[in-house]
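1. Sequence first, then the predicted structure:
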Amino acid sequence: MLEALSEKFEKILKRLRGQGVLTEETIAEALKEVRLALLEADVNFKIVKGFLERVRQRAIGQEVLQSLTPGHHVVKVVWEELCELMGQGQAGLNLSSVPPTVVMMVGLQGSGKTTTSGKLARLFKNQGKRVLLVAADPRRPAAVEQLAALGAELGVTVHRSDGSGASRADVVHACAAGVTRGLDEGYDLVILDTGGRLHVDDELMDELVDVKRAVSPHEILLAADAMTGQDAVTMAERFDRQVGLTGIVLTKIEGDARGGAILSIRAATGKPVKFMGVGEKLDALEPFHPDRMASRILGMGDVLSLIEKAQQTYTQEQAEEV
């Protein structure tokens, strides 16, 4: 994933770094190529337009054009704006000061929601937290069994509904009962694996809103399949509008996606990407670091050293004074 985008960025920025003098024209030409690369990566065109305008305004500033290493400064600007686009700094879970912290996982059927619930359980169990998984999708026995299997593999308790009902009231009851058990038995974290659909519909949203009202979760995390590109962004916007998200977990990052969801989803929703799934195994969940992803997209393992070098370089005027 992201290889094609990284290769294009690397070629564009390598050419800029190799030029001793930059003009507004050469910067404009480079930004045209950046625009094409981002659009081909399935990044929303409005987000591309805003990103390029911010880069252009900074890149033609005096600090860049009067530097002895203007190409390096442009790389610095692009890297910083990519970090801003994806969210400054790593955003972890908002853990409640009074346990348990209730995490409500939402998403479409097939987005990796149940597996992500298991991955989160493993992550926090390894941090010494007592975790309770709640099977909150009684309509799909297979999803309940999948979560039970994950719990057994992890050594994590899974709360299952006593009844066989599959109405909206049954779903809400299952979630509320799971949270009550988490409180009564002293769990640190309760993860609700809610139901999904093959498509976004009002019935699903109304059900999730009812669950939210009943349990007041501290986190509502959307499992969004990065493979679906702009569809993931559109879906995230609707979930956020109707349910209210606190964060996003991008799943299937290891797949052959073009990267549009990674670059667009935070800018579109205003909600941070908190984790990313990088494989099928339960240990394949990583915190999302915008700065590291920006470096990866630019194809530079050591972009920070390059930026530090640009920051320390004299401007032409300073050099003449010396």
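-> That came through fine. It should be emphasised that the depicted structure is a prediction, and the values quoted were computed from it without experimental measurement.

2. State the phi and psi torsions of Thr228.
-> Taking degrees, to the nearest 10, you get phi -90, psi 0 for the backbone angles of Thr228.

3. excluding its backbone neighbours, what's nearest it?
-> With C-beta to C-beta, 6 or more residues apart in numbering as the criterion, Thr228 has its nearest non-adjacent residue at 7.0 Å, and that residue is Ala261. Placement of C-beta: from N, CA and C, glycine included.

4. Hmm, Met235 and the one you found touching each other?
-> No: look at Ala261 against Met235 with C-beta atoms under 8 Å: they stay out of range, at 9.8 Å.

5. which stretches of the stretch 201-322 of the chain have low pLDDT?
-> Screening the stretch 201-322 of the chain residue by residue with the criterion pLDDT under 70, one finds the ranges 255-258, 300-322.

6. what about the helices in it?
-> Secondary structure of the stretch 201-322 of the chain by DSSP state H, counting those that start in this stretch: the helices cover 202-215, 230-242, 260-269, 290-297, 303-312, 316-321.

7. is it possible to export those to a markdown table including mean neighbour count and distance to Gly182?
-> Putting these into a markdown table (neighbours: other C-beta atoms under 10 Å; distance: least, C-beta to C-beta, whole Å) gives the following:
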| stretch | mean neighbour count | distance to Gly182 |
| --- | --- | --- |
| helix 202-215 | 17 | 10 |
| helix 230-242 | 19 | 24 |
| helix 260-269 | 25 | 28 |
| helix 290-297 | 20 | 32 |
| helix 303-312 | 15 | 41 |
| helix 316-321 | 10 | 60 |
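
8. Let me have the ones you listed in CSV, adding distance to Pro100 as columns.
-> What follows is the helices of the stretch 201-322 of the chain, written out as CSV (distance: least, C-beta to C-beta, whole Å):
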stretch, distance to Pro100
helix 202-215, 11
helix 230-242, 23
helix 260-269, 26
helix 290-297, 29
helix 303-312, 38
helix 316-321, 57
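
9. Now the common contact residues for Ala261 and Met235.
-> Among the neighbours of Ala261, those also in contact with Met235 (C-beta atoms under 8 Å, 6 or more residues apart in numbering) are Ala224, Thr228.

10. just to revisit the earlier point, of the helices of the stretch 201-322 of the chain, which is nearest Thr23?
-> Shortest separation from Thr23 across these is recorded for helix 316-321, at 14.3 Å, computed as C-beta to C-beta.

11. what residues are up against Ile297?
-> Ile297 makes contact with Leu2, Leu5, Ser6, Phe9, Leu82, Gly259, Leu263 under the criterion C-beta under 8 Å, 6+ apart.

12. One more: Ala28?
-> For Ala28, the contacting residues are Arg56, by C-beta under 8 Å, 6+ apart.

13. Doesn't it lie inside a strand?
-> No: assessed by DSSP: H, G, I helix; E, B strand; the rest coil, Ala28 does not belong to a strand; its assignment is helix.

14. Relative to Arg17, how far out is it?
-> To Arg17, Ala28 is 17 Å away according to C-beta to C-beta, to the nearest Å.

15. do Leu85 as well
-> Using C-beta to C-beta, one obtains 21 Å as the distance from Leu85 to Arg17.

16. okay, those two: which has more neighbours?
-> Remark: of Leu85 and Arg17, Leu85 carries more neighbours, 22 against 16, as counted by other C-beta atoms under 10 Å.

17. ok but the more buried one is inside a helix, no?
-> Yes: according to three-state DSSP, Leu85 belongs to a helix.

18. Setting aside sequence neighbours, what's the nearest residue to the most centrally placed residue in the chain?
-> Among the residues of the chain, the one closest to the centroid is Val273, at 2.6 Å (C-alpha atoms, centre = their mean). Distances taken as C-beta to C-beta, 6+ apart place Phe288 nearest to Val273, at 4.4 Å, with adjacent residues excluded.

19. my read: the one you found touches Thr251, true?
-> No: the pair Phe288 / Thr251 is not scored as a contact, 11.8 Å apart, by C-beta under 8 Å.
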